[in-house]
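> show me the folded form of this:
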Amino acid sequence: VQLQASGGGLVQPGGSLRLSCATSGFSLGVYAVGWFRQAPGKEREGLLCITRGASSTYYAESVKGRFTISRDNAKNTVYLQMNSLKPEDTAVYYCAKGSTSYCDKTADYWGQGTQVTVSS
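Numbering: from 1, shown residues only. This next block holds a predicted model:
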């Protein structure tokens with residue numbers, strides 16, 4: 001099982017980024033995949049998740065209305081679209097394979113993370 005997050009970078013406040021999580025070794029139609037982030041000096045925070053049935057679940061109120069999750073089964077890739085970015089969104093973003101088909105914040109495999117910096 002492997003997950004590889006990409007697409008991070010430096011963006012100005014109010015800007016957008018789309019992160020990608022390329023997966024292999026398991027089926028997106030069987031397991032949930034979630035996005036998490038960790039800012040310097042803070043604990044890892046769950047953001048949102050997509051179930052095997054392509055339903056999304058938000059873990060963090062702070063990203064509702066700004067972030068969305070989607071997937072392309074043919075490409076084995078999960079996406080995190082981030083709009084209206086704020087400086088407090090600066091963090092390393094990780095994707096993770098869920099332990100089950102549901103969004104229950106459990107994860108058993110993690111990607112390596114991609115840095116997102118929101119700054120003017």
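> surely residue 29 meets residue 71?
No: shown here, residue 29 and residue 71 do not form a contact pair, counting by C-beta atoms under 8 Å, at 9.5 Å. All C-beta spots, glycine's among them, are computed from the backbone N, C-alpha and C.
> higher neighbour count, these two?
Using other C-beta atoms under 10 Å as the criterion, residue 29 and residue 71 rank with residue 71 on top: 19 against 11.
> and the residue lying closest to the more buried one once chain neighbours are set aside, what element?
Using C-beta to C-beta, 6 or more residues apart in numbering and skipping residues adjacent in sequence, the residue nearest residue 71 is residue 78, 4.5 Å away. Assigned by DSSP states H and E, residue 78 belongs to strand 77-82.
> now do the contacts for residue 22.
3-4, 6, 75-77 (C-beta atoms under 8 Å, 6 or more residues apart in numbering).
> what's the answer for residue 19, then?
The neighbours of residue 19, taking C-beta under 8 Å, 6+ apart as the test, are 5-8, 35, 79-80, 82, 93, 95, 114, 116.
> quick check, pLDDT for the residue nearest to residue 71.
pLDDT for residue 78: 97.
> try residue 20
Predicted confidence (pLDDT) for residue 20: 98.
> related to what we said a few turns ago, the helix or strand just after the strand holding residue 78 pairs with which strands, and in what direction?
Next helix or strand after strand 77-82 toward the C-terminus (DSSP H and E): strand 91-98. Strand 91-98 has its sheet partners listed here by DSSP bridges as strand 33-38 (antiparallel), strand 107-110 (antiparallel), strand 114-118 (antiparallel).
> identify the residues contacting the shortest one?
The list of residues contacting strand 107-110 from outside it, by C-beta under 8 Å, 6+ apart, reads 1-3, 26, 34, 36, 94-99.
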